[in-house]
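Here is a sequence together with a model predicted from it:
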Amino acid sequence: MGSSKPKPNYLWSMLSMNCPRCRRGKLFKPFSAYNFKHTFDMHEDCSVCKQKFDMEPGFWYGTGYVSYALTVAISVATFVAWWVLIGVSFNDNRVFWWLGLNAVLLLILQPWLMRLSRTIYLYFFVRYDGEYETSEPKKFDY
């Protein structure tokens, strides 16, 4: 018995930081990650499907690993792009220019990356439920 609503795209739901269970409700209260006082302000549960977001005490510590993987992936991608487009050389300090520009890029992206790492981490534990309107949200005992 399938839902009449179309299934939202997995990647788009993750990048737009929507609930992993229904892929419709927003995870974070302020839209912008660059509202620095409220970067981590999340809803306690989904406004659409009532899935609880904070699974257990200390749940979000694991996002450090996800954030690290994202920053390494971005750094590798920018290094490869720099190598292909500009080249890498220690003789004229091009590699140090990449290092500086990569550091600035990561600093600018950091609030968004921290939110994205929370979203990806939550998607590891909560799966999409096409019957979210009639079924109970996933519960975690702690």
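Right, received. Where do you want to start? Numbering: from 1, shown residues only.

all contacts plus neighbour counts: C-alpha atoms, from now on.
Noted.

Return the set of buried residues in the helix or strand hosting Ile74.
If you go by DSSP states H and E, Ile74 is part of helix 63-85. For helix 63-85, the neighbour count (16 or more other Cα atoms under 10 Å) marks 63, 66-67, 70-71, 75, 78-79, 82 as buried.

Kindly report the same for stretch 96-112.
So for stretch 96-112, counting by 16+ other Cα under 10 Å, buried means 98, 102, 106, 110-111.

about what we covered before: now do the helix holding Ile74: distance to the chain's middle.
15 Å (Cα atoms, centre = their mean, to the nearest Å).

got a list of contacts for that helix?
88, 98, 102, 106, 113-114, 117-118, 120-121 (Cα atoms under 8 Å, 6 or more residues apart in numbering).

any idea of the mean pLDDT for the helix or strand that that helix is followed by?
The helix or strand immediately downstream of helix 63-85 is helix 94-125, counting by DSSP H and E. Mean per-residue pLDDT for helix 94-125: 94.

same for helix 94-125, what does it pack against?
helix 10-15, helix 63-85 (3 or more Cα pairs under 8 Å, 6 or more residues apart in numbering; DSSP states H and E).

same thing but 7 Å
Contact partners of helix 94-125 among helices and strands, from 3 or more Cα pairs under 7 Å, 6 or more residues apart in numbering; DSSP states H and E: helix 63-85.
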